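missing the sequence, but the structure's below:
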């Protein structure tokens, strides 16, 4: 087996992989281990006691992170006429209708969030097989199918994060950057965790949140004491 590199070994110093740390301590350890030459993303992973193959156990939602994401989000908007003009003025990176649909069909998907006005959904619906697997399909429950394109664009660019449980019952999301202060990362982690708790599906049985871990892009993972995630902790 290949030996671990010096940076890797240094990053893991002082971390007990079997221990659940208080959120404050976990954030400090993750920031300390984020030693790459770029601003690493701070990522949360939540292992949930659900089976998303059953519709009544699907966990999905959206949350606005109070400290933002630190990421530049490119937004595409399906809209026409005055709504299209409003979308452009609000800062949308791509605005269109049939032309945007054709671009997507041809494999040009250079955006991170897709928003549509309700009247455009018959057109957007044809793109389900392309946008759906990428998590980009507009959805009214997530606020991405709306007549208020200006508000949706502002939210998307201001720190809004979508989440969806994967097949193994795990939710992954970026909750900030290593350059953020510890306090800002804590705020984002708590906001994200609380949103996942609020999204608890009706079909859940037993323990809902089993494990939670925090890590940076190239740094070690640190397990978090679930009780410390509550706002009053």
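It's in. Computed from a predicted model, the values in this text were never measured in an experiment. Residues are numbered from 1 along each chain as shown.

Could you use CA atoms for every contact and neighbour count after this?
OK.

okay, now residue 140: neighbour count?
Using other C-alpha atoms under 10 Å, residue 140 has 12 neighbouring residues.

Once you drop chain neighbours, what's closest to it?
Spatially, and ignoring its direct neighbours in sequence, residue 140 is nearest to residue 146 (6.6 Å; C-alpha to C-alpha, 6 or more residues apart in numbering).

At which residues are the helices of this protein located?
Using DSSP state H, the helices of the chain run over 6-12, 23-33, 81-89, 98-105, 121-124, 128-131, 149-157, 182-198.

domain assignment for the protein?
16-69+160-229, 75-157 (automatic domain parsing).

Pipe those into CSV and attach mean pLDDT per row.
What follows is the domains of the chain, written out as CSV (pLDDT from 0 to 100):
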stretch, mean pLDDT
domain 16-69+160-229, 93
domain 75-157, 95
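
mind putting the helices of the chain in TSV, distance to residue 210 and mean neighbour count included?
Conversion of those to TSV gives the following (distance: least, C-alpha to C-alpha, whole Å; neighbours: other C-alpha atoms under 10 Å):
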stretch	distance to residue 210	mean neighbour count
helix 6-12	23	15
helix 23-33	16	21
helix 81-89	41	16
helix 98-105	38	15
helix 121-124	37	15
helix 128-131	30	15
helix 149-157	29	21
helix 182-198	12	19
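
Residue 176: which of those is closest?
The closest of those to residue 176 is helix 182-198. By C-alpha to C-alpha, the value is 6.2 Å.

and the angle for the closest one with helix 23-33?
120 degrees (axes from the mean of the first three to the mean of the last three C-alpha atoms, to 10 degrees).

Renumber starting at 737 from here on
Shifting the count to begin at 737 puts that one at helix 918-934.

Identify the spatial nearest neighbour of residue 860, chain neighbours not counted.
residue 837 (7.1 Å).

Looks like that neighbour contacts residue 863 (just checking).
Yes. Contact criterion C-alpha atoms under 8 Å: residue 837 and residue 863 qualify, at 7.3 Å.

measure residue 842 to residue 836 for me?
Noted for residue 842: a distance of 10 Å to residue 836, by C-alpha to C-alpha, to the nearest Å.

Contact partners for the closest residue to residue 936 other than its chain neighbours?
Nearest residue to residue 936, sequence neighbours excluded (C-alpha to C-alpha, 6+ apart): residue 795, at 6.6 Å. Applying C-alpha atoms under 8 Å, 6 or more residues apart in numbering to residue 795 gives the contacts 788, 900-901, 932, 935-937.

what about 7 Å?
Contact partners of residue 795, counting by C-alpha atoms under 7 Å, 6 or more residues apart in numbering, are 900-901, 935-937.

now residue 815
So, once contact is read as C-alpha under 7 Å, 6+ apart, residue 815 ends up touching 831-833, 852-853, 856.
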